[in-house]
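Chemist: Turn this into a structure:
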Amino acid sequence: MRPAIAQAAPTVLWIRQHSVHGPVHGGRIPRPALLATGSHDLAFSALTWVPLLTAEIAEQAGFGDAAGRRRRFHLLLDAYGYTGGRTAIRAAIIGRTERNVAMIRQLADGGEPTFHHMQPWATDLERSGNEVAEQPDEF
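Modeler: Residues are numbered from 1 along each chain as shown. Below is the predicted model:
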């Protein structure tokens, strides 16, 4: 298992154990917020693997060629076998980003230390989603 996946696994398990099956600081996160459809999985994969993150974050990850993002994005969609419209996947990216940011902030505000430490990532993720939203409809 790759280190990033191994690090994320305990968080996903914690979310599933506490958010789906029990209260999170007096509230519940509904099951649909945690279960992603294929397009939502593809959306997050595109956001983080293409990456469609802000140019600053992408550059730090070794993707300094901003012009190549569009090409990599379409390669990913084609390799995945995605047949939906480009505006639909754009909307899925924005929606998935908004849900992830909201969940991180909700859990951080509720006192969960792991999610408190993830606040800078939530801010970066929000900026990235905003940049995707500013793209032309058929990007």
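
Chemist: give me every residue that touches residue 121.
Modeler: Residue 121 is in contact with residue 104, counting by CB atoms under 8 Å, 6 or more residues apart in numbering. Quick note: C-beta positions are derived from backbone N, CA and C, even for glycine.

Chemist: Output the helix or strand where it lies as PDB, restricted to C-alpha atoms.
Modeler: Secondary structure here is read from DSSP states H and E; on that basis residue 121 sits in helix 119-133. Extracted C-alpha coordinates of helix 119-133, given in PDB (Å, rounded to 0.1, in the frame of the first residue of the first chain):
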ATOM      1  CA  GLN A 119      -7.800  22.800   7.900                       C
ATOM      2  CA  PRO A 120      -5.000  24.100   5.600                       C
ATOM      3  CA  TRP A 121      -5.800  21.300   3.200                       C
ATOM      4  CA  ALA A 122      -9.500  22.300   3.300                       C
ATOM      5  CA  THR A 123      -8.500  25.800   2.400                       C
ATOM      6  CA  ASP A 124      -6.400  24.600  -0.500                       C
ATOM      7  CA  LEU A 125      -9.100  22.300  -1.600                       C
ATOM      8  CA  GLU A 126     -11.600  25.100  -1.600                       C
ATOM      9  CA  ARG A 127      -9.400  27.300  -3.700                       C
ATOM     10  CA  SER A 128      -8.900  24.400  -6.100                       C
ATOM     11  CA  GLY A 129     -12.600  23.900  -6.400                       C
ATOM     12  CA  ASN A 130     -13.100  27.600  -7.000                       C
ATOM     13  CA  GLU A 131     -10.500  27.500  -9.800                       C
ATOM     14  CA  VAL A 132     -12.300  24.500 -11.400                       C
ATOM     15  CA  ALA A 133     -15.600  26.500 -11.200                       C
END
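
Chemist: Buried residues, that helix. List them.
Modeler: Neighbour-count burial for helix 119-133, with 16 or more other CB atoms under 10 Å as criterion, is recorded at 122, 125-126, 128-129, 132.

Chemist: So residue 69 versus residue 54, what's the distance?
Modeler: Here the criterion is CB to CB, to the nearest Å. By it, residue 69 lies 11 Å from residue 54.
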